[in-house]
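[1] Any chance you can model this:
(2 chains)
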Amino acid sequence: MRQITYCEALREAMIQEMERDGKVFVYGIGVPDHKAIFGSTAGLVKRFGKTRCFDTPLSEDAMTGFGLGAALNGMRPIHIHIRIDFMLLAFNQIANMLSCSNYSSCGKLKVPMVIRGIIGRGWGQGFQHSKSMYSVFAHIPGIKVVIPTMAYDAKGLLISAIRDDNPVIFIEHRWLYWQKGGVPKSSYALPFGKANILRKGRDITIVATSWMNVEAVFAAELLMKEGVNVEIIDPRTIVPLDEESIVASVEKTGRCIIVDNDWLFCGFSAEVAARVSSRCFGKLKSPVRRIGFAHTPCPTARHLENEFFPNAKNIIREVEDMLKLKPMSFDGIEFYSHEKKFKGPF
Amino acid sequence: MNKKLSIELYKKMYLIRCAEKQIQKYYHEDEMKTPMHMSMGNEAIAAGVCHALTESDQIFTTYRTHSIFLAKTGDVNEFFAEMYAKETSSLKGKGGSMHLCLPKKGFMGTSAIVSAHIPVAVGCAWANKINKNRKIVVAFFGDGAVDEGVFWESLNIASLMQLPVIFVCEDNELAVHSHIKERRGYNSITEIVKKFRCQTLEIDSTDAEEIYNLTSKAIDVLRKKPEPYFMNFKYYRYLEHVGINYDFDAGYRKKDEFKKWLKRDPVSLQRIRLMKSGYVNGEIKKIEKEILNEVVFTIKNVKNAKLSSTDELHKGVFQ
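    Now for the predicted structure:
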């Protein structure tokens, strides 16, 4: 299959949907500029014109309500925030307006709106450019939350999000933008609520989100050398959640670690842990464990930031501890570091 | 003088006043389990503006919905069915007094978060503009909404994009109980809004006909050449912020003030106009009786209807 990056997959999804449906439009701060949201909106303004691809005032709150209004009148907005932290300025619209429009009108006011929020880390971005937030959005009934890891999923799920008649928050990790994967050229829609089993295994289930899947896959490869066979499940959508795939995997392995690209407290990892503990109680060989951000604001200095974010090393150590294995040596192993690829700014 | 217009505006206002008086009559029974933000006093704005709109023009309001809902839709049955949360309501009790919604008649929705509906109205207007359907969108809000940042964001966007949206400020100088003097670092909202690329008007009037005429004229222009319009209408909120009673004993405002406004009560004013234009008292009383009968009959039917099904709770979170 043709290999393209996650970023190209996102761009292709939007182009194909904008060509298919004249009601789809894309807007947000910086969307049509020369940087084009890290390239994901490159060329759209030239192709579709300023009415369907436009920049906005720095008014996240009003521009979210604007999208809702356009959606109520039959348009299909895609609103982009280059950092998800900026979306908090629109939290009132998301939590008080978009989420309840369909419910409060008994289905008469549908909201086919996509909000793309970019998450990420690195290069001194600090505490206001590094949040993940999806647990907070997922907490509110009436909003779908999508968080693709693979380029294939990025395209297929974004197409589904655009076609969905409900508000969808679509979360993209900046570091995934360069990840290449097999992506069909033709248009395709992937269903929400269907997890992807990234790696088959029998000893332990890892449920990971977004970038943490990259870390989990690397950890699994190293653990394989020690004879530990890890199964990795990428839920792909937080709302709706494919609980069945997670439960089926844990029932098989008897062990579960959730590696979340977020804080742990009251987060998605807690939700998965609660559901797994409840449904797999008799089959669990040990308590469910969780790995995530340190419970602090994200510091800017590199050495502190490296402590803040979990990585493959943390996953390996957790697995070893869970299985009572001797810790492996990390000598000579090259772990992922953004120093090699990511010179910023994010 | 346009007799037909005068009587239609009177009917609209009388219906609103009548419906709210019935709410006052029945609220103590505790069958309408919804917080009532009463419109009494703003009937001229509701009737005057809505009468200038077509059914397909779209409006958004605050939680103080009663007068504007009845003026725009005339749907008394839907109004009371939702107050009583009956199965006959199209909203099945999910909205209540604060969140009435009847999109097929252009009543698009409300917000109980002050100002949150204003950008939504702007987005609707944008879609109407690019779809070239000549529809007008009106956002109604109180003077408290102007304190919110999103009002200014919305005004800026509408002015930048030249959208066919009317911002109607129902200015009663009160945000709940806080007077305008305690909230503003400037003197005139209209003077500030004038600096944007939009039209403005400000008027202290309880005359529905005057408000209708001004709005109609503005809409004629807007349909030909889309641009935003800001209208500041002064009025006096007769009752407490939420609830069906007077609250002059609370101390934040004086009854004398109310008495002054009551002398130019919008409903009475229009009745006087009808008399001057040649209607005899008997004719007007007949009209009033018909409206009262419709409201009383509707309430009776609604009270006899079933509550909406509890199955409704889980319905409609998503499409």
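
[2] List the residues that contact the residue of the stretch 201-346 of chain A found nearest chain B.
    In the stretch 201-346 of chain A, no residue comes nearer to chain B than residue A:240, which is 8.9 Å away by C-beta to the nearest C-beta. Glycine gets a C-beta too; all of them are placed from N, C-alpha and C. For residue A:240, the contact set (C-beta atoms under 8 Å, 6 or more residues apart in numbering or on different chains) comprises A:144, A:192, A:193.

[3] excluding its backbone neighbours, what's nearest the first one?
    Spelled out, it's residue A:144. Once flanking residues are discounted, residue A:144 sits nearest to residue A:168: 4.5 Å by C-beta to C-beta, 6 or more residues apart in numbering or on different chains.

[4] who does the one you found bridge with?
    residue A:114, residue A:144 (DSSP bridges).

[5] so who does it touch?
    Residue A:168 neighbours (C-beta under 8 Å, 6+ apart): A:113, A:114, A:115, A:143, A:144, A:145, A:146, A:161.

[6] helix, strand or coil for the spatially most central residue of chain B?
    By C-alpha atoms, centre = their mean, chain B has its centre lying nearest to residue B:68, at 2.8 Å. Here residue B:68 is helix, with the state taken from DSSP: H, G, I helix; E, B strand; the rest coil.

[7] all strands in the stretch 1-150 of chain A, in order from the N-terminus.
    Here the stretch 1-150 of chain A has its strands, by DSSP state E, counting those that start in this stretch, at A:3-5, A:24-27, A:53-54, A:76-81, A:114-119, A:144-146.

[8] Direction included, what does the fourth one pair against?
    Okay, so that is strand A:76-81. strand A:24-27 (parallel), strand A:114-119 (parallel).

[9] possible to save those strands as TSV with mean neighbour count?
    Formatted as TSV, the strands paired with strand A:76-81 follow (neighbours: other C-beta atoms under 10 Å in any protein chain shown):
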stretch	mean neighbour count
strand A:24-27	23
strand A:114-119	26
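
[10] now for those strands, which one comes closest to residue A:187?
    strand A:24-27 (12.5 Å; C-beta to C-beta).

[11] Am I right that residue A:323 is in contact with residue A:203?
    Yes - the criterion here is C-beta atoms under 8 Å, and residue A:323 meets it with residue A:203 at 7.2 Å.

[12] Mind listing the shared neighbours of those two?
    A:228, A:255.

[13] Show me which residues of the stretch 151-300 of chain A sit near chain B.
    A:165, A:166 (C-beta under 8 Å from any C-beta of the partner chain).

[14] in the stretch 151-300 of chain A, what residue is nearest chain B?
    Counting by C-beta to the nearest C-beta, the stretch 151-300 of chain A gets nearest chain B through residue A:165, at 4.0 Å.

[15] which residues touch residue 298?
    Answering for chain A, as no chain was given. With C-beta under 8 Å, 6+ apart, residue A:298 has these contacts: A:121, A:125, A:126, A:127, A:130, A:131, A:305, A:308.

[16] meant chain B, my bad for not saying
    B:76, B:77, B:80.

[17] Verify the stated contact: the residue of the stretch 151-300 of chain A closest to chain B with residue A:109.
    No - Residue A:165 lies out of contact with residue A:109 (C-beta under 8 Å); the separation is 10.7 Å.

[18] Compare neighbour counts for the two and give me the winner.
    Neighbour totals were compared for residue A:165 and residue A:109, and residue A:109 leads with 20 against 15 (other C-beta atoms under 10 Å in any protein chain shown).

[19] Can you name the residue of the stretch 1-150 of chain A nearest chain B?
    Counting by C-beta to the nearest C-beta, the stretch 1-150 of chain A gets nearest chain B through residue A:69, at 2.4 Å.

[20] Tell me how many other residues surround residue A:197.
    By other C-beta under 10 Å, neighbour count at residue A:197 equals 14.

[21] That one sits in which helix or strand?
    strand A:196-199 (DSSP states H and E).

[22] neighbouring strands for that strand, and are they parallel or not?
    strand A:230-234 (antiparallel).

[23] Now do the helices in the chain.
    All of this refers to chain A. A:6-20, A:44-48, A:60-72, A:91-92, A:99-104, A:134-138, A:151-163, A:211-225, A:243-253, A:268-279, A:302-308, A:312-323, A:338-341 (DSSP state H).

[24] that's the wrong chain, I wanted chain B
    Under DSSP H, chain B gives helices at B:3-26, B:43-51, B:66-73, B:76-83, B:118-130, B:149-161, B:189-193, B:208-224, B:255-262, B:266-276, B:281-304.
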